[in-house]
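Student: Fold the following and give me the result.
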Amino acid sequence: MKNIILLTVVAIGLLWACNPASPSVQKDYGNWSVFWNDFQAAVEKNDRETVKRMIHFGENIEEKDLDDLFDFFLQNELRDIVLKTPADKVEPANDTTFPEGKMIAFEETGYDDEGNEMGSALQLYFGKKDGVYGLMMMLAAG
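Tutor: Numbering: from 1, shown residues only. Coordinates of the predicted model:
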């Protein structure tokens, strides 16, 4: 009987430790594909807490602004682009500010009343900090 109880406890412990949602299991966010797939899943579920853990807060994104930024950037056409874009199709950021950076954007053009072309864009910049990928900046232009 003691052996059955011990085996049950060990089995439960192993199942818990192997669960991807377990806080004791660290994801390899030094790997772009692993990070991106988890970011997409969190955006799809509107999981703000997970997205929050995937942000490198600092001068470009402040934690106090996260709810407004999430609503502005991840509840529109850019959200659809994030969800549909595979990790290997996210563009390089080509910006030394973002080590090993990646960038994804929603851009549109239109014309004002005088016929002048107008453009606008919503962009998300990702990069590595201490060897770990994270969202580094959200930019709106136009």
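
Student: I'd say residue 123 and residue 102 touch.
Tutor: No - under the contact definition of CB atoms under 8 Å, residue 123 does not touch residue 102, with a separation of 10.8 Å. Bear in mind the C-beta positions are built from the backbone N, C-alpha and C, glycine included.

Student: So for the two, which residue has more residues nearby?
Tutor: A direct count of neighbours by other CB atoms under 10 Å for residue 123 and residue 102 places residue 102 higher, at 21 against 17.

Student: Enumerate every residue touching the residue sitting nearest the centre point of the chain.
Tutor: A centroid search over the chain (CA atoms, centre = their mean) returns residue 39, at 3.6 Å, as the residue closest to the centre. Neighbour list for residue 39: 51, 54, 82, 135 [criterion: CB atoms under 8 Å, 6 or more residues apart in numbering].

Student: which one of the residues you listed sits closest to residue 111?
Tutor: residue 82 (27.5 Å; CB to CB).

Student: From what I see, that closest one and residue 40 are in contact.
Tutor: Yes - at 6.2 Å, residue 82 counts as touching residue 40 under the criterion of CB under 8 Å.

Student: Show me the helices in the protein, by range?
Tutor: Along the chain, the segments classed as helices by DSSP state H run 2-18, 32-44, 48-53, 66-73, 77-84.

Student: Least reliable of those by average pLDDT, please.
Tutor: When mean pLDDT is averaged over each of those, helix 2-18 scores lowest at a mean of 32.

Student: Excluding covalently adjacent residues, which one is nearest to residue 121?
Tutor: Spatially, and ignoring its direct neighbours in sequence, residue 121 is nearest to residue 107 (4.3 Å; CB to CB, 6 or more residues apart in numbering).

Student: burial count for residue 85?
Tutor: If we define neighbours as other CB under 10 Å, then residue 85 has 14 of them.

Student: quick one, phi psi at it?
Tutor: Residue 85 adopts backbone torsions of phi -90, psi 120, taken as degrees, to the nearest 10.

Student: Apart from its neighbours in sequence, what residue is nearest it?
Tutor: Spatial nearest neighbour of residue 85, chain neighbours left out: residue 104 (6.2 Å); criterion: CB to CB, 6+ apart.
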